[in-house]
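Asks: I'll drop the sequence and a predicted model, then ask my questions.
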Amino acid sequence: MASAVELRDVSAGYGETVVLEDVNLAIAPGESISVIGRNGVGKTTLLSTIMGHTTLHKGDVLLSGRSLNRVPVFRRAAAGLGFVPQEREIFPSLSVLENLDVGARPGHWTKERVFELFPNLKERLDNRGNQLSGGEQQMLSIARALLTNPGVLLMDEPTEGLAPVIVEALTAVLLKLRSESELSIILVEQNSRVAFEFSDRSAVLDKGRIVYDGASAVLRDDPERLAKIIGVSE
Amino acid sequence: MSATPVRSDNPAALALAVRHRFRLAETLPWLLALAFYFAFPRYLGFGTELLITVLFAISLDLALGYAGIVTLGHAAFFGAGAYTVGMLAKHEIWTEPVSGLFIAAAVAGAVGFASGLVLLRTTGLTLLMLTLCTMGLLEEIANMAAEVTGGFDGLDSLPIKPLFGIFEFNPLYPYTQYLYVLGVLLVCFIFVRTLVYSPYGHSLTGMRENTLRMHAVGAPVRMRLIVCYTISAAIAGVAGALWAQANAYVNLSVLGLDRAATVLIVLVLGGYGRLYGGIIGAVAYMVLAHFLSKAYPTAWQLGLGLLLVAIALFARGGILGMVDNLTRPYKERKAQ
């Protein structure tokens, strides 16, 4: 069975600058993985490369076995890649509902399902994007990506900059999302506690290369090794 | 585009219906326009020109205000529509006014589509200059093809058939023209209103605010921009066609930078990216221009210039933005 998404010997970056080198990563349908690492090691570039925002120097990016190398960004999204960017990037002058409408496609994820996951959004349908709190904006960003009905969801540091109580709530939603849907999810996260709680499998990036790909429990139970690999403690 | 069929108990559908419902206050501009017909019969020529400017501004707002397509050459489409009607009428090929509007819209839309295919590969200053160049090219073509366009002198005394075979177009007593233009403006306005409140319209705003993000939600940005530019060009073409029919002549001024700049000023004044910005801006600009030019015939543009400076400094969202800022505290209190 083909992987939901796969990177084969991928080297990519911005223009002539190479950020990712010889990255190999395969995620099975329905599988989730957390990607951790220090600032600037290429975590965001990894997701951007899957989405097609970077320059691919070498290798192949595959979605369900089909090469995406020459596929433009909007067709990748239409083919089943959902993206929750680091800066949320909701449309500030559109209402919550309009933000959801712009990319909505028929499928498993409907507005009703999304509102079950994020009841807050249902209360604020008529508010504009720039009137939402950081947590609400993050929820909207995830909801907008879900309504494109992706097969693979890419999430770039969704808890960044949020208050601890919001991080707890969002983590609970992410766990629910992982357990209740058929989605394959790649979660890029600096907060290793959230990352390990979210997924049984983790990959660690360092200087553009994957230096660990295995069980989250191994790193969680061995803080010294974790600190050595990524240079941050739990 | 919606993921599920809309149901009456769907909260999202209800919210959408409430947000975009037709409000009673929206009848006000149209009632005022109708009242103008009876109250100021001597100013119907001015009124007709104003309504055409409103339609032209609405067409520009769709491209510039909603989709963020920076253009200084929108008069190219106004002129394409005007010359289409003018040439067809002058050479007695087609003189029926209503169907003439459809032909003008098709021609201007085709010009918009063809130029959009090339121009919309660019952005920012390059796009701005290319739109200006397109307009300049069309103006020069109209100037050089004197046999069919009348060249520098244009085409006058256009034989336009009576509206519905009954109502004569009389340039000196433009009763028919005023109501005809008002009717066409209303139809076009309802069309644009429906469009900007649709998911397609929201995607235009999304493209203006964050093109990369629109790509990432699966929107074919370039094609949508081309479609928007084409629709906008077609509406500008209708405005130009109305101008030619109402005045019974067409000349190079319809393709000039003056006209393109004026409609841009109108939008800045009223507030771009807002449905009623074009209407408010056109009324403010033309009424001011009318009275200032009467009061100070030699320096009336100075007054307009000062007003624009004030708008740019203190009211970036134009007149409607200013009203929004003033009423925001009240709205927020009401929302709580």
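Replies: It's in.
Asks: Tell me which residue of chain A lies closest to chain B.
Replies: Closest to chain B within chain A is A:Gly103: 2.9 Å, counting by CB to the nearest CB. Yep, even glycine has a C-beta here, placed from its N, CA and C like the rest.
Asks: need the next SSE after the helix or strand harbouring B:Ala244, C-terminal direction.
Replies: Using DSSP states H and E, B:Ala244 sits in helix B:221-247. Counting by DSSP H and E, the element after helix B:221-247 in chain order, helix or strand, is helix B:257-270.
Asks: counting contacts, what elements does that next one pack onto?
Replies: Using 3 or more CB pairs under 8 Å, 6 or more residues apart in numbering or on different chains; DSSP states H and E, the elements in contact with helix B:257-270 are helix B:44-60, helix B:75-90, helix B:124-144, helix B:277-295, helix B:300-314, helix B:318-335.
Asks: Flag every residue of chain A that's near chain B.
Replies: Chain A comes close to chain B at residues A:51, A:53, A:72-75, A:77-78, A:83, A:85, A:89, A:91-95, A:97-98, A:100-107, A:109-112, A:115, A:122, A:125-126, A:144-145, A:147-149, as judged by CB under 8 Å from any CB of the partner chain.
Asks: need the contact list for the residue of chain B found nearest chain A.
Replies: Ranking the residues of chain B by distance to chain A (CB to the nearest CB) places B:Val217 first, at 2.9 Å. B:Val217 sits next to A:Ala77, A:Val102, A:Gly103, A:Arg144, A:Ala145, A:Thr148, B:Gly206 when contact means CB atoms under 8 Å, 6 or more residues apart in numbering or on different chains.
Asks: now, the most widely separated pair of the residues you listed?
Replies: A:Ala145 and B:Gly206 (13.8 Å; CB to CB).
Asks: Where does pLDDT dip in the stretch 51-200 of chain B?
Replies: Along the stretch 51-200 of chain B, no part satisfies pLDDT under 70.
Asks: ok, now with 90
Replies: Applying pLDDT under 90 to the stretch 51-200 of chain B flags residues B:92, B:157, B:170-173, B:198-199.
Asks: Show me which residues of it sit near chain A.
Replies: Proximity of the stretch 51-200 of chain B to chain A (CB under 8 Å from any CB) is limited to residues B:Pro199.
Asks: Can you show me the strands along chain A?
Replies: Shown for chain A, the strands assigned by DSSP state E span residues A:5-14, A:17-27, A:32-36, A:55-63, A:66-67, A:81-84, A:152-156, A:184-188, A:201-206, A:209-215.
Asks: Kindly reformat those as CSV and extend each row with mean pLDDT.
Replies: Listed next are the strands of chain A as CSV, based on pLDDT from 0 to 100:
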stretch, mean pLDDT
strand A:5-14, 96
strand A:17-27, 95
strand A:32-36, 95
strand A:55-63, 96
strand A:66-67, 96
strand A:81-84, 94
strand A:152-156, 95
strand A:184-188, 95
strand A:201-206, 94
strand A:209-215, 94
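Asks: buried sites along stretch B:217-237?
Replies: B:217-222, B:224-237 (16 or more other CB atoms under 10 Å in any protein chain shown).
Asks: An error on my part: the question was meant for stretch B:198-217.
Replies: Neighbour-count burial for stretch B:198-217 [16+ other CB under 10 Å]: B:199-211, B:213-217.
Asks: Which elements pack onto the helix holding B:Ala244?
Replies: Short answer (3+ CB pairs under 8 Å, 6+ apart): helix B:221-247 packs on helix B:44-60, helix B:75-90, helix B:97-119, helix B:175-196, helix B:199-209, helix B:211-216.
Asks: Quick check: buried residues in the helix or strand of chain A with the lowest mean pLDDT?
Replies: Every helix and strand in chain A was compared by mean pLDDT, DSSP states H and E; the lowest is helix A:223-230, with a mean of 85. Buried positions in helix A:223-230, judged by neighbour count with 16+ other CB under 10 Å: A:Leu226, A:Ile229, A:Ile230.
Asks: cool, stretch A:36-53 as well?
Replies: Going by neighbour count (16+ other CB under 10 Å), the buried part of stretch A:36-53 is A:36-37, A:41-53.
Asks: next one: stretch B:155-173
Replies: Within stretch B:155-173, the residues that qualify as buried are B:Leu155, B:Leu158, B:Ile160, B:Lys161, B:Leu163, B:Phe169, counting by 16+ other CB under 10 Å.
Asks: Report the two of those separated the most.
Replies: B:Leu155 and B:Leu163 (20.2 Å).
Asks: What count of nearby residues applies to B:Thr27?
Replies: If you count neighbours by other CB atoms under 10 Å in any protein chain shown, B:Thr27 ends up with 11.
Asks: And B:Phe77, by the same measure?
Replies: For B:Phe77, using other CB under 10 Å, the count is 38.
Asks: okay but it is in contact with B:Gly237, surely?
Replies: Yes. The criterion here is CB atoms under 8 Å, and B:Phe77 meets it with B:Gly237 at 5.2 Å.
Asks: Out of the strands of chain A, the one nearest B:Asp258 is which?
Replies: Closest to B:Asp258 of the strands of chain A, according to CB to CB: strand A:5-14, at 43.9 Å.
Asks: CA atoms only for the closest one - export them in PDB, please.
Replies: What follows is strand A:5-14, C-alpha atoms only, in PDB (Å, rounded to 0.1, in the frame of the first residue of the first chain):
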ATOM      1  CA  VAL A   5       2.900  11.000   1.900                       C
ATOM      2  CA  GLU A   6       6.500  10.200   1.200                       C
ATOM      3  CA  LEU A   7       9.700  12.100   0.800                       C
ATOM      4  CA  ARG A   8      12.500  10.300  -1.000                       C
ATOM      5  CA  ASP A   9      16.000  11.600  -0.900                       C
ATOM      6  CA  VAL A  10      14.700  15.100  -0.800                       C
ATOM      7  CA  SER A  11      16.900  18.200  -0.800                       C
ATOM      8  CA  ALA A  12      15.100  21.400  -0.900                       C
ATOM      9  CA  GLY A  13      15.300  25.100   0.100                       C
ATOM     10  CA  TYR A  14      14.700  28.600  -0.900                       C
END
